[in-house]
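Peer 1: Let's see this in three dimensions:
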Amino acid sequence: MEKKFVAYFDYLGFKDFILNNSMDKQKFIIGNNLREIGNAMASGKLTETKGGFIPDTSGTDINCLNFSDTIIFWSNDDSVTALEEILKISFTFNARTNLFFFPVRGSLVHGELYCLNESMHSLTVNSVFGKGLIEAYSNAESLDWAGTVINESIISYLKRNDIEIEDYLSRFCIEYEVPYRNNQKKLEYALRLIAGSLNNDSYENYCSSIETNFNNYKKSTSSRSAKRKLKNTTDFLRTFILNN
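Peer 2: The predicted structure follows:
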């Protein structure tokens, strides 16, 4: 059984972004998004190349695949070390992307995943599949905000390994009534948007940045769904105001 840790993310408003922008604009923005993926995996470390400095991802064993609006990070095993690494990467990617670049929602899962590489003459095919990926996808797609939830499978893993949940997750997560579709809420751990706390001014500044991210690149935010996701996201951010 190929159990791994899987972090699934999808960008919100991606269809509008593609339909309403030129290919040159798409390439530029996707380049920015890929840079953020690399920065999260490199923990900010850079390496110099002929083309300039790029993220140095040589220090991580976490894998990544980006296809259209979907980003998947996954580990090679389900060790505690692997969980620590994917949590760190997911926290950085989720926070920076939502606060500064492009709204994204996601789920972190412990489950089956397999990566198959097949070479057929001149054709090489990479396929990633498994129940863990389906669970992560289903969990993320049902969220009604720009944010990332810790799936119950991660909580079960911590319990089985006698790891104190609150102490372990508090560096990256906070317990919150996570908003789901159909006005449902569930008390779960969610990745923090801020490592520490905010004052009122910084909260307003971050809210403005999040709203800009929702509206940028000619994405439509006039629908009830988009407005609700934006409000749910800024409501979550409010929990980080000091003495709120």
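Peer 1: tell me the contacts of the residue most central in space within the chain?
Peer 2: The centre of the chain sits closest to Asn94, judged by CA atoms, centre = their mean, with a distance of 4.2 Å. Taking CB atoms under 8 Å, 6 or more residues apart in numbering as the criterion, Asn94 is in contact with Phe9, Val104, Gly106, Gly147, Thr148, Leu191, Leu193. For every residue, glycine as well, the C-beta is placed using N, CA and C.
Peer 1: just checking, it is part of a helix?
Peer 2: Yes - Asn94: assigned to a helix according to DSSP: H, G, I helix; E, B strand; the rest coil.
Peer 1: Mind checking which of the contacts of Asn94 land in strands?
Peer 2: Phe9, Val104, Gly106, Thr148, Leu191 (DSSP state E).
Peer 1: Highest neighbour count among the residues you listed?
Peer 2: The residue in these with the most neighbours, by other CB atoms under 10 Å, is Thr148 (31 neighbours).
Peer 1: which ones are touching that one?
Peer 2: By CB under 8 Å, 6+ apart, the neighbours of Thr148 are Ala7, Phe9, Ser90, Asn94, Val104, Arg105, Gly106, Ser107, Leu108, Ala140, Ala190, Leu191.
Peer 1: in the protein, which spans are helices?
Peer 2: Under the criterion DSSP state H, helices of the chain are mapped to 14-19, 23-42, 80-96, 131-141, 152-160, 165-169, 200-215, 224-238.
Peer 1: Could you measure from Gly130 over to Phe5?
Peer 2: Taking CB to CB, to the nearest Å as the measure, Gly130 falls 12 Å from Phe5.
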